[in-house]
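Undergrad: Quick one: sequence plus predicted model below, questions after.
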Amino acid sequence: MRGGSVDSLSDAVGHWLEAGALPPELVTGHKLIDFEHRFLIGAIANLRKVCGDYLSFKDCAECAKSMQERCEGSLIGLLGDVFAFILDHFKNEEAIMRDSLMQVVDRDVCEAHMEDHAEIAAKVQEIVSALDTSHIVSRIRDLDALLSRWVNNHISLHDMLLARWVARSDALIDHG
Ligand SMILES: [Fe+2]
Ligand SMILES: [Fe+2]
């Protein structure tokens, strides 16, 4: 599963668990953004620990009711943390877009970036509202798929462009 390039969330989480760092492909070079992405991948690793086998269990029927309730409680707690963190992270990136003037100069790119943030947040919200005790494992898989898309597409496209913009304008200020 762990090859040269990171093409799935499992790879990213695996790399995180082993090295305690982001895989190089996901490093944007912007300190705050990378710090927050590291936190996020750590949170996903914790989320996965909620279920004994989140990849194989079809639903939660195999587990005792008390276990289902315990999993539901843990997932609700973690989901709450992840959701709050995601909103905060998106707000920070959007502030960087404004402060660096990227939003003025490259409006379309920033709008597409913010639209993707809104879409990801809405989908996490959907998963939160679809929680029920007997299908906890399915929600974990849903979240995994969603965050996987985020790691693969969003960071490598939108966040990279933003970080590159900031690096370029910092260089101009330094040398201009
Ligand atoms: Fe972003
Ligand atoms: Fe991000």
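TA: Here it is on my side, so go on. The shown structure was predicted, so the numbers you read here are calculated from the model rather than taken from an experiment. Numbers count the residues shown, from 1 in each chain. Ligands and ions are numbered 1, 2, ... in the order given.

Undergrad: Where is the longest helix in this protein?
TA: Ordering each helix of the chain by length in residues (DSSP state H) puts helix 65-99 first.

Undergrad: And the helices in this structure, which stretches?
TA: Using DSSP H, the helices of the chain run over 9-19, 31-48, 65-99, 102-105, 107-129, 136-149, 160-175.

Undergrad: The first one - what's its average pLDDT?
TA: The reference is to helix 9-19. With pLDDT averaged residue by residue, helix 9-19 scores 67.

Undergrad: Can you tell me which residues in the protein are near ligand 1?
TA: Along the chain, the residues adjacent to ligand 1 under the rule Cβ under 5 Å from the ion are Glu93, His158, Asp159. In short, each C-beta sits where N, CA and C put it, glycine included.

Undergrad: same thing but at 6 Å, please
TA: Residues of the chain found near ligand 1 (Cβ under 6 Å from the ion) are Glu93, His113, His117, His154, His158, Asp159.

Undergrad: my guess is the first one meets Leu162, correct?
TA: It refers to Glu93. Yes. With contacts counted by Cβ atoms under 8 Å, Glu93 reaches Leu162, the gap being 6.3 Å.

Undergrad: Identify the contacts common to these two.
TA: Residues within reach of Glu93 and of Leu162 at once, by Cβ atoms under 8 Å, 6 or more residues apart in numbering, are Ile33, His113.

Undergrad: Could you check the angle the longest helix of the chain makes with helix 160-175?
TA: For the pair helix 65-99 and helix 160-175, the angle between their directions (axes from the mean of the first three to the mean of the last three Cα atoms, to 10 degrees) equals 40 degrees.

Undergrad: Return the set of buried residues in helix 65-99.
TA: 68, 71-72, 74-75, 78-79, 82, 86, 89-90, 93-94, 96-97 (16 or more other Cβ atoms under 10 Å).

Undergrad: which helices and strands does it pack with?
TA: The helices and strands touching helix 65-99, judged by 3 or more Cβ pairs under 8 Å, 6 or more residues apart in numbering; DSSP states H and E, are helix 31-48, helix 107-129, helix 136-149, helix 160-175.
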